[in-house]
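S.K.: Got a sequence here, can you model it:
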Amino acid sequence: MTKQIKGPSAKRGTPQKSPVGKQKTSYRTKRKLYQRIIFGILAAVLGLGLLASSVVWIPGFGDTPDGVPRQVQPPPTTAELEEKAKASPQDAGLLVQLAEAYQRENNAQKAVETYEKAVSLEPGRDDLKNRLAGGYISVGQTDRAIKVLEEVIGRNPNNKEAHYFYGHALVAKREYKKAVDEFDLYLKLAGENDPEAESVKRLIEALKPLQQPG
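M.R.: The predicted model follows:
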């Protein structure tokens, strides 16, 4: 049994925690919790190959992109698309389909390489550049994504998808306030009826505590 030391010396030898210290610890704990939440969200959004035109990762891309026929039957397999791409290497629309097939297989790096080829064939298509930037974010090449997105936004400041991806790129760089500004701009451009509006609002709310000084 441990003996309890009594007397004034015991009080002097025991460090007293200040209320301020408790508040600071509590704040940091809360901030780490929010960080885990937001990075969990981003892992789901950015790390699971969610880059295809009909999924959450690309807002406003629910419609089939230009040059890509609508799929009524199940999409072709990756192997089939690879053979077609070999036969028609200048077909950007076919490369987009192949990139999406790689995404469905969670092969983000191959998807990025394929989008790069598509962009090289049609460098004026901002929709392809947005997809490429999203791919760069998913494989951790944030600076390359930012370079592409700044080019798109510089040419068309009202490109809502570019602002959306830019927001995610800034989150990856832990520039949370700038990220929130980009997501706010996305909402302004997209409008309240946009199918991604509510999810972006939730993302903004999760990011806000991370803007505070540590």
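S.K.: mean confidence score for stretch 96-110?
M.R.: Over the span of stretch 96-110, the pLDDT mean works out to 94.
S.K.: gap between A118 and I137?
M.R.: With the distance defined as CB to CB, to the nearest Å, A118 ends up 17 Å from I137. Where you see a C-beta, it was placed from the backbone N, CA and C, and this is true even at glycine.
S.K.: Look at those two and report which has more neighbours.
M.R.: Between A118 and I137, counted using other CB atoms under 10 Å, the more crowded position is I137 (28 against 25).
S.K.: The closest residue to the more buried one other than its chain neighbours: neighbouring residues, count only.
M.R.: In space, and not counting its chain neighbours, I137 is closest to A145: 4.8 Å by CB to CB, 6 or more residues apart in numbering. A145 is flanked by 27 other residues according to other CB under 10 Å.
S.K.: what are the ranges of the helices in this structure?
M.R.: For the chain, the helices defined by DSSP state H occupy 8-13, 19-46, 78-87, 92-104, 108-121, 126-138, 142-155, 160-172, 176-190, 197-207.
S.K.: got the angle for the third one vs helix 92-104?
M.R.: An angle of 150 degrees separates the directions of helix 78-87 and helix 92-104 when computed by axes from the mean of the first three to the mean of the last three CA atoms, to 10 degrees.
S.K.: from here on, count from 51
M.R.: In the new count, where the first residue is 51, that last one comes out as helix 128-137.
S.K.: Return the set of buried residues in helix 128-137.
M.R.: T128, L131, E132, K134, A135 (16 or more other CB atoms under 10 Å).
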